[in-house]
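Novice: only geometry, no sequence info:
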Ligand code: THU
């Protein structure tokens with residue numbers, strides 16, 4: 001799948017965002033090495049802290065279906081904001097453990113676009129190897 005196709009799948013996921021509080025809609029799509037797609041949207045809650053971001057939902061969906069880091073090929077995250085939504089701090093922490101350091105992360109708001117990776121988004125990581133010794 002091309003970058004543009006993956007981004008357009010993430011925009012489809014964004015249609016399922018449940019965001020009555022922020023009215024800020026985010027969609028994400030994970031592509032696996034065997035060509036499967038897993039979708040996520042942000043799902044908010046009246047207890048605001050219970051909200052979950054689109055990219056975590058998408059990556060958790062892939063893991064919930066048995067996929068692991070090595071089988072995750074790319075991730076697209078899109079939003080309807082005025083500027084590109086970079087993953088929040090909690091999502092960066094989750095991504096640093098669950099996807100490859102250099103796996104392409106495509107960001108778009110339909111106007112601007114960029115490619116990044118978790119190595120760039122989260123330097124000096126705290127991870128599995130710090131805890132399991
Ligand atoms: N949000 C995401 O889904 N992903 C991000 O990368 C940034 C923030 C959601 C959480 C909340 O529902 C809304 O955007 C506003 O913070």
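Specialist: Nice, I can see it. Keep in mind that what you see is a predicted model, and the values were worked out from it rather than measured.

Novice: close to the ligand: what parts of the chain are there?
Specialist: 19, 22, 24, 26, 42, 44, 51, 53-55, 85, 87-88, 91 (C-beta under 6 Å from any ligand atom). C-betas here are computed from N, CA, C, even on glycine.

Novice: again, 5 Å this time
Specialist: By C-beta under 5 Å from any ligand atom, the residues of the chain that approach the ligand are 22, 24, 26, 42, 44, 51, 53, 54, 85, 87, 88.

Novice: list buried residues within those.
Specialist: For these, a burial check counting by 16 or more other C-beta atoms under 10 Å picks out 26, 42, 44, 53, 54, 85, 87.

Novice: separation between the fourth one and residue 19?
Specialist: Same thing as residue 53. For residue 53, the distance to residue 19 equals 11 Å [C-beta to C-beta, to the nearest Å].

Novice: overlap in contacts of those two?
Specialist: Residues within reach of residue 53 and of residue 19 at once, by C-beta atoms under 8 Å, 6 or more residues apart in numbering, are 26, 42.

Novice: for the spatially most central residue of the chain, pull up the helix or strand it's in.
Specialist: The residue lying closest to the centre of the chain (C-alpha atoms, centre = their mean) is residue 55, at 2.5 Å. Assigned by DSSP states H and E, residue 55 belongs to helix 54-64.

Novice: let me know the next secondary structure element after that helix.
Specialist: As assigned by DSSP H and E, the chain's next helix or strand after helix 54-64 is strand 72-79.
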